[in-house]
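[1] Generate coordinates for the sequence data below:
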Amino acid sequence: MTVVGVDDTDSRVTGMCTTYVAHRLATALREREFDVARVVLVRLNPAVPHKTRGNAALAVHTDAPAAVARDAARDVVERLAQVGADGTNPGVVVAAGGPGAAAAVPDAVAAFASDAVREFHDPEHARGLATDAGYLVESWGNGRGVVGALASVGAWRAFDEWTTEHIAYRERGRWGTDRDVDADALFAAADDAYPGAWDTVDGVTGDLVAVPRTPCPILLAVRGDDPGACRRVVDDTVAADGTEPVRSRETFVTNQGTDAHLRSVASLADLDDDRAYRVQATVAGEPETRRGGHVFVGLAETDAAVGTGADESVGREAAAFEPTKHFRDRVRSLMPGDRVTVCGEVSDGTLKLEKFALRERVETTLATPDCPDCGRSMKSAGRDQGYRCRDCSTSAPGKVEVPIERDLERGWYEVPPCARRHLAKPLVRGGFDAPTHPER
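    Numbers count the residues shown, from 1 in each chain. You can find the predicted model right below:
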């Protein structure tokens, strides 16, 4: 088995898509009667500043000889990659041997792939590892694409949780134009396939999540756990009269929807910019809606004694930005003292929420006591003198705890499909450690 990794062939401005480059490579190998076992789509660190969109790298697993696969990859990249675009620096890495075998993928390459989803790598380091492993390397521009290409080669050994994405590509003459997709057909197909296929549409906002808005070759990209369900969504949508013709299709194995980018840490002090985390915390203040509709909430360490307005306890801020829509209402419902698990990327010191779990919630608040005789609210009897009913002369030593009605139940909450990042695990996939409240 030969593994061909490729990365950084697209452009934010002129389009293209590395999935399409890998699809055309797989097609070229099949046309030469080589077998393609799978095409792997690996999402890497979503916080990398020089990414184009989703920071995807691709690997084609084939029985073609390494030299043949390299020549085919070089030909496809030179024909399709946006090499002349600013910031596009393709890389190709070709490895001979089984992608999951320890002897074929060295420990160092597997570790490189595992780290690439959470950390940053240097192109020269990637090139050195590839050379040490005996891999063939091709690059264009500054060669930054070698990083993702090598990570995609090692991914099959590095990761053990995989999902599916089935992509339908547009006819060449339609690239860069508005897409014609029958929205009713897509919504019906998505509803029928759920939960085997997820994040296809957003039932609240009406967004067609599977339909890109960029000038890339993709018409539909349907994600899920069931490859058959993903294919059926595309089948039913392209069969509708209102959907444009499809040129070709490919099914990818991917780490999307797995939370592979999240690193679990013990303390808010362990959070660094441009990385994504899962961490326990205590809500340290009232959530605040700021300009633009973004919602911010202060967080403190889990062992902090937190009260309303206890600004000195704030260790970090978490944010639900406007594109997360009604998820912001979940954040607004948090109260000081709630214990939570928060997940998201850190940027400029702020954790951008992808999901959170309400672990322990505040159930009571301190209130002025009522008179046990007449039921009226007592008045302060003076500093440190408790409360007194002016009519009945009854007294109380201080405020009393009263129950609070909370709309927010315990469990996991997530951003809606229209705001979901590629790697973020949808709650509908299961495997979470508390009740879930999925969005669809």
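[2] the helices in the stretch 151-300 of the chain, which residues?
    183-193, 227-238 (DSSP state H, counting those that start in this stretch).
[3] Residue 437 is nearest to which of those?
    Closest to residue 437 of the helices of the stretch 151-300 of the chain, according to Cβ to Cβ: helix 183-193, at 19.0 Å. From N, CA and C alone the C-beta is placed, and that goes for glycine too.
[4] Just the CA coordinates for the closest one, please, in CSV.
    Presented in CSV, the C-alpha positions along helix 183-193 are these (Å, rounded to 0.1, in the frame of the first residue of the first chain):
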residue,chain,number,x,y,z
ALA,A,183,-33.5,23.6,-0.5
ASP,A,184,-36.7,21.7,0.2
ALA,A,185,-35.2,18.5,-1.2
LEU,A,186,-32.1,19.0,0.9
PHE,A,187,-34.1,19.6,4.1
ALA,A,188,-36.2,16.5,3.4
ALA,A,189,-33.2,14.3,2.7
ALA,A,190,-31.4,15.6,5.8
ASP,A,191,-34.4,14.9,8.0
ASP,A,192,-34.7,11.4,6.6
ALA,A,193,-31.0,10.6,7.1
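[5] What average pLDDT does that helix get?
    Regarding helix 183-193, the rounded mean pLDDT is 98.
[6] The helix or strand harbouring residue 68: which residues count as buried?
    For residue 68, the element it lies in under DSSP states H and E is helix 66-80. For helix 66-80, burial by neighbour count (16 or more other Cβ atoms under 10 Å) applies to 66, 69-70, 72-74, 76-77, 80.
[7] And stretch 415-422, by the same measure?
    Applying 16+ other Cβ under 10 Å to stretch 415-422 flags 415-422 as buried.
[8] Endpoint to endpoint, that stretch covers what distance?
    12 Å (Cα to Cα, to the nearest Å).
[9] How far away from the center of its chain is whichever strand or helix holds residue 94?
    Assigned by DSSP H and E, residue 94 falls within strand 91-96. Offset of strand 91-96 from its chain centre (Cα atoms, centre = their mean, to the nearest Å): 27 Å.
[10] for stretch 63-83, same thing?
    Per Cα atoms, centre = their mean, the centroid offset for stretch 63-83 relative to its chain is 30 Å.
[11] With stretch 212-220 instead?
    19 Å.
[12] can you check stretch 197-204 too?
    On Cα atoms, centre = their mean, the centre of stretch 197-204 falls 15 Å from that of its chain.
[13] what comes up buried for it?
    197-203.
[14] So which of these is the closest to residue 2?
    residue 197 (30.7 Å).
[15] distance of the spatially closest residue to that closest one that is not a sequence neighbour from residue 201?
    The shortest distance from residue 197 to any non-neighbouring residue, by Cβ to Cβ, 6 or more residues apart in numbering, is to residue 224 (3.4 Å). Distance of residue 224 to residue 201, given as Cβ to Cβ, to the nearest Å: 13 Å.
[16] Point out where the chain drops to low pLDDT.
    The chain contains residues with pLDDT under 70 at 12-15, 50-53, 84, 86-87, 98-103, 304-314.
[17] State which strand of it is the longest.
    strand 350-360 (DSSP state E).
[18] which other helices and strands contact the very next helix or strand once past that strand?
    Note on strand 350-360: by DSSP H and E, the next helix or strand toward the C-terminus is strand 364-367. Counting by 3 or more Cβ pairs under 8 Å, 6 or more residues apart in numbering; DSSP states H and E, the packing neighbours recorded for strand 364-367 are strand 400-403.
[19] Give me the contact list for the strand it packs on.
    With contact meaning Cβ atoms under 8 Å, 6 or more residues apart in numbering, strand 400-403 is reached by 363-367, 369.
[20] can you confirm residue 434 is in a helix?
    No: assessed with DSSP: H, G, I helix; E, B strand; the rest coil, residue 434 is coil; it does not lie in a helix.
[21] And for it, the neighbour number?
    12 (other Cβ atoms under 10 Å).
[22] residue contacts, it?
    Going by Cβ under 8 Å, 6+ apart, the list of residues near residue 434 reads 357, 359, 410-412.
[23] what two of the buried residues of stretch 415-422 have the greatest distance between them?
    416 and 422 (14.9 Å).
[24] mind checking which of the helices of the stretch 151-300 of the chain is nearest residue 122?
    Nearest of these (Cβ to Cβ): helix 227-238, 35.6 Å.
[25] if I look at the residue lying closest to residue 223 once chain neighbours are set aside, how far off is residue 251?
    Of all residues not flanking residue 223 in the chain, residue 165 sits nearest, at 4.9 Å (Cβ to Cβ, 6+ apart). For residue 165, the distance to residue 251 (Cβ to Cβ) stands at 8 Å.
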